[in-house]
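Novice: 3D, please:
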Amino acid sequence: MKYKLIILDFDGTVGDTNKVITDTMQATLRAAGLPECTPEACSKTIGLPLVECFKAVMPMSQQQAETCAGIYHRLFEENKRKSPVPVFPGVIEAIKRWHDQGATITIASSRGHRSLQDFVHEMHLDNYISLILGCEDVERAKPDPCPVLKTLDHFGIRPEDTLVIGDMTYDILMGKRAGCHAYGVTYGNGTKEELLEAGADMVVDRLDF
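Specialist: Below is the predicted model:
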């Protein structure tokens, strides 16, 4: 393992949350009395902070978006209980392999910290993930490099010894703007073309490296 630090996105990279996210976004818009949008439109916002997701799918005020975020949080927990989120094939094995090879593994996500903690625990990854940064843990969310820079500073590791892995352009831009290597994954919510255009050093179908 040539990288000392691996920073993982969560949604679309570790956990297959697409259906529960898009279903919950659509249900939230209905509950808020707003027009519905397609699952595809919802998918394109995954990776942004939740309030920004709703503002991205249709024009709305900051107050409306914050109201939607509150409704979403309640509905998401209900939907997650009905349909547990699976881990993408090969991800747990890759995390354990990198850990055994001496890499430090962390998560940087726009999801809330407690939600990430719960997922890590449910997926039995507590012993492998050394740091979790959620939306409330950073001053500026991805694609700003802030989450990566904060992680580098926490561990005292150089950007050139760090790999950021994600499924969306926001993840790639976050990693590259911090001076790190960045790999995209094709099994999540972004396309290979989008990831390469964002500057991904490599795009992989599976975390088998």
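Novice: hey, let's count contacts and neighbours off CA atoms from now on
Specialist: Will do.
Novice: pLDDT below threshold where in the protein?
Specialist: The chain contains no residues with pLDDT under 70.
Novice: strands of that one, residue ranges please.
Specialist: 5-8, 104-108, 129-133, 162-166, 181-185, 202-204 (DSSP state E).
Novice: pick the most deeply packed of the ones you listed.
Specialist: strand 162-166 (a mean of 27; mean count of other CA atoms under 10 Å).
Novice: distance to Asp144 for the strands of the chain - can I get that in JSON lines?
Specialist: Below are these laid out as JSON lines (distance: least, CA to CA, whole Å):
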{"stretch": "strand 5-8", "distance to Asp144": "14"}
{"stretch": "strand 104-108", "distance to Asp144": "12"}
{"stretch": "strand 129-133", "distance to Asp144": "14"}
{"stretch": "strand 162-166", "distance to Asp144": "13"}
{"stretch": "strand 181-185", "distance to Asp144": "14"}
{"stretch": "strand 202-204", "distance to Asp144": "20"}
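Novice: ok, which of those strands comes nearest Cys42?
Specialist: strand 162-166 (17.5 Å; CA to CA).
Novice: what lies in contact with the closest one?
Specialist: The contact list for strand 162-166 (CA atoms under 8 Å, 6 or more residues apart in numbering) reads 3-10, 12-13, 171-172, 175, 180-185.
Novice: likewise for stretch 176-194?
Specialist: With CA under 8 Å, 6+ apart as the criterion, stretch 176-194 contacts 11-13, 16, 18, 43-44, 46, 144-146, 148-149, 159-169, 172, 175, 195-196, 199-207.
Novice: wait, Ile107 touches Thr13, no?
Specialist: No: at 10.3 Å, Ile107 does not count as touching Thr13 under the criterion of CA atoms under 8 Å.
Novice: scan this protein for its longest helix.
Specialist: Using DSSP state H to define each element, the chain has its longest helix at helix 62-82.
Novice: now do the buried residues in that helix.
Specialist: Gln64, Ala65, Glu66, Cys68, Ala69, Ile71, Tyr72, His73, Leu75, Phe76, Asn79 (16 or more other CA atoms under 10 Å).
Novice: quickly note the distance from Arg111 to Lys192.
Specialist: Going from Arg111 to Lys192 by CA to CA, to the nearest Å gives 23 Å.
Novice: check Leu152 too.
Specialist: Leu152 is 27 Å from Lys192, by CA to CA.
Novice: same deal with Ala32?
Specialist: 34 Å.
Novice: likewise for Leu8?
Specialist: 17 Å.
Novice: just Leu125 next, same as before
Specialist: 27 Å.
Novice: who has more neighbours, these two?
Specialist: Counted by other CA atoms under 10 Å, Leu125 and Lys192 do not tie: Lys192 has more neighbours, with 21 against 15.
Novice: distance to Ser130 for the buried residues of helix 62-82 - can I get that in CSV?
Specialist: Shown next, in CSV, are the buried residues of helix 62-82 (distance: CA to CA, whole Å):
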residue, distance to Ser130
Gln64, 36
Ala65, 32
Glu66, 31
Cys68, 32
Ala69, 28
Ile71, 31
Tyr72, 28
His73, 26
Leu75, 29
Phe76, 26
Asn79, 28
